[in-house]
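Peer 1: here is my input, please return the structure:
(one chain, ligands or ions: 1)
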Amino acid sequence: MWVPACKRDDVDPDDVIGVEYDGVDYAVFRSPGDEYFATAGHCTHERELLCDGLVMDGEIECPKHLGRFSYATGEAQGAPVLVDLKTYPVKVEGDTIYLDIT
Ligand code: FES
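Peer 2: Residues are numbered from 1 along each chain as shown. This next block holds a predicted model:
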């Protein structure tokens, strides 16, 4: 099910924002090359909100214990994060970013 998440310009290049849909948190990323990605909004370690973390080199660093994930694949990059993030397909139509949250 595709749902509107945000506007293209809501996310700066090389950054992340948090969006909420139907009570569920998601993180939406924009790469330096203007590709968009989406993951679960909470860290798999202790459920910290990832939108408050630092984006660098294709990864999101959790603000709580500094665990890192690839934001394109959700892959956990090592302790303390051992469980990958769920990722969601993203499409851009006009100036709107949609997530497939099926
Ligand atoms: S809550 Fe994210 S690394 Fe611990």
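Peer 1: all contacts plus neighbour counts: C-alpha atoms, from now on.
Peer 2: Fine.
Peer 1: which residues of the protein lie near the ligand?
Peer 2: When proximity is defined as Cα under 6 Å from any ligand atom, the chain approaches the ligand at 43, 45, 46, 47, 48, 62, 64, 65, 66, 67, 80, 81.
Peer 1: list the contacts for the last one?
Peer 2: Contacts were defined as Cα atoms under 8 Å, 6 or more residues apart in numbering; by that measure residue 81 touches 44, 45, 67, 68, 69.
Peer 1: can you check the fifth one too?
Peer 2: Residues in contact with residue 48, defined by Cα under 8 Å, 6+ apart, are 42, 62, 63, 64.
Peer 1: can we see that at 6 Å?
Peer 2: Taking Cα atoms under 6 Å, 6 or more residues apart in numbering as the criterion, residue 48 is in contact with residue 42.
Peer 1: same question for the second one.
Peer 2: With contacts defined as Cα under 6 Å, 6+ apart, the neighbours of residue 45 are residue 81.
Peer 1: over to the fourth one?
Peer 2: The contact partners of residue 47, taken as Cα under 6 Å, 6+ apart, number zero.
Peer 1: let's see that with 10 Å instead.
Peer 2: Residue 47 makes contact with 40, 41, 62, 64, according to Cα atoms under 10 Å, 6 or more residues apart in numbering.
Peer 1: can you check the third one too?
Peer 2: With contacts defined as Cα under 10 Å, 6+ apart, residue 46 is in contact with 62, 64, 65, 80, 81.
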